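Enquirer: Pasting the sequence and the predicted coordinates here, then a few questions.
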Amino acid sequence: MAKYQSIAVIYGSDSSEWEVACRSGEFTASRIDEFQYDVYEIFARFGSWKLVAMRKANAMRQPFPEGAQPEIDKSDFSVMVLGEKVKFDFAYIMQHGAPGETGLLQGYLEMLGVPHSSCSAFVTTVAFDKYSCKNYLRSLDYVKLAPDAFIRQGEDMEEFCKQVLSSLGLPLFVKPTNGGSSFGITKVDQAEELPAAIRYAFSEGDSVLVEAAIPSEHELTCAVYFDGTQVQALPVIEIISQTGWFDYDAKYNGYSQEVCPAQIPDALRDQVQDISKRIYRRLGCKGLVRMDYLSAPDGIYFLEVNIIPGMTNASLVPKMIRAAGITITDFLTTIIENA
């Protein structure tokens, strides 16, 4: 018997990734076991939380037209729908960016005592900030980190650029510390490009991470989850980008080849999976997360952890799940029942 009955899938977000989050949320809601759970789809953006569709167990999905979408009562995470008050038993978070990946949404749910699919509020906050996350991992001897520099908005950019070019050289990657889907990221090949790249990254947040570009042999990604007994790693994917790196076009507009499972030596595959499980435990993750890496001649470099990885039909994690021989529905049930 299922632990929960009413599952709220929360999607949309307050960030540039909100449309991607909608696609991920709609896909996730459509794959949650229709025989075990009542599924409620919540579109949440800039404080407005509305029920956009619902699907009772063993029934058809019922969308609500714009203008007639019930408002979510945030005081107890419930909704009045068709004359019935529904208090959600469980939240499946599918918000890319703020507040679903910044820890704010997790904190709200935790204060109300509502179980959810994601990492804790604290872990989410740390993991989503690329610089903070790297600082948690700097002492590890089983994974490498690209040399980096950090700047917050308002600091002396001219002096920072001089120091970065002197200490890190070129090429560089400039990225907002908080963000995903490659928004705000620039590869810098010429010194004169650096200030503009930093300003562009600041358009997504008030702090920026600059990293030395690592000459890599493979760009790899691996998802990890808890199955109720132990931490499991899904098959590794190799990303072969036509744009030179895994930018927005490569991710969403077909300018990359995603080889699943990766055609890499077994020893490298095993190493990536082992590192991913160890980082999962190190950070205190729960639910499903995805780790990104570069494999270089001198070792494996950690790039970032994705606390709410994409879950569209074409996303990386569903490809891993299918390659593992698991149905998406069974996988989502595992996440829900073991959160």
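Expert: Structure's in. What do you need?

Enquirer: looking at this structure, which helix or strand does the model trust least?
Expert: Ranked by mean pLDDT, DSSP states H and E, the weakest helix or strand in the chain is helix 248-252, scoring a mean of 50.

Enquirer: Stretch 258-270: end-to-end distance?
Expert: 19 Å (Cα to Cα, to the nearest Å).

Enquirer: Please disregard the earlier target; I meant stretch 148-158.
Expert: End-to-end for stretch 148-158, by Cα to Cα: 17 Å.

Enquirer: Ok, stretch 82-96 next?
Expert: One end of stretch 82-96 sits 30 Å from the other (Cα to Cα).

Enquirer: tell me which residues of that stretch are tucked away?
Expert: 86, 88-96 (16 or more other Cβ atoms under 10 Å). All C-beta spots, glycine's among them, are computed from the backbone N, C-alpha and C.

Enquirer: Which of those residues fall within strands?
Expert: Of the buried residues of stretch 82-96, the ones assigned to strands by DSSP state E are 86, 90-93.

Enquirer: would you turn those residues into JSON lines with distance to residue 241 and pLDDT?
Expert: Output for these, formatted as JSON lines (distance: Cβ to Cβ, whole Å; pLDDT from 0 to 100):
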{"residue": "86", "distance to residue 241": "44", "pLDDT": "98"}
{"residue": "90", "distance to residue 241": "36", "pLDDT": "98"}
{"residue": "91", "distance to residue 241": "34", "pLDDT": "98"}
{"residue": "92", "distance to residue 241": "30", "pLDDT": "98"}
{"residue": "93", "distance to residue 241": "28", "pLDDT": "98"}
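
Enquirer: ok, which pair from those is furthest apart?
Expert: 86 and 93 (18.1 Å; Cβ to Cβ).

Enquirer: What ranges in the stretch 151-300 of the chain fall below the confidence cut-off?
Expert: Low-confidence segments of the stretch 151-300 of the chain (pLDDT under 70): 179-182, 243-255.

Enquirer: ranges for the strands of it?
Expert: Along the stretch 151-300 of the chain, counting by DSSP state E, counting those that start in this stretch, strands occupy 172-176, 186-188, 207-212, 218-226, 231-233, 237-241, 256-259, 288-296, 299-306.

Enquirer: These: which one's closest to residue 70?
Expert: Residue 70 sits nearest to strand 288-296 of all the strands of the stretch 151-300 of the chain, at 28.5 Å, using Cβ to Cβ.

Enquirer: And the closest one, what does it pack against?
Expert: Applying 3 or more Cβ pairs under 8 Å, 6 or more residues apart in numbering; DSSP states H and E, we find strand 288-296 packed against strand 218-226, helix 266-283, strand 299-306, helix 316-323.

Enquirer: Which one, of those, ends up nearest to residue 5?
Expert: strand 218-226 (21.8 Å).

Enquirer: For the closest one, list every residue counted as buried.
Expert: By 16+ other Cβ under 10 Å, the buried positions in strand 218-226 come out as 218-226.

Enquirer: do the same with stretch 306-323
Expert: Across stretch 306-323, burial judged by 16+ other Cβ under 10 Å covers 306-312, 315-321.
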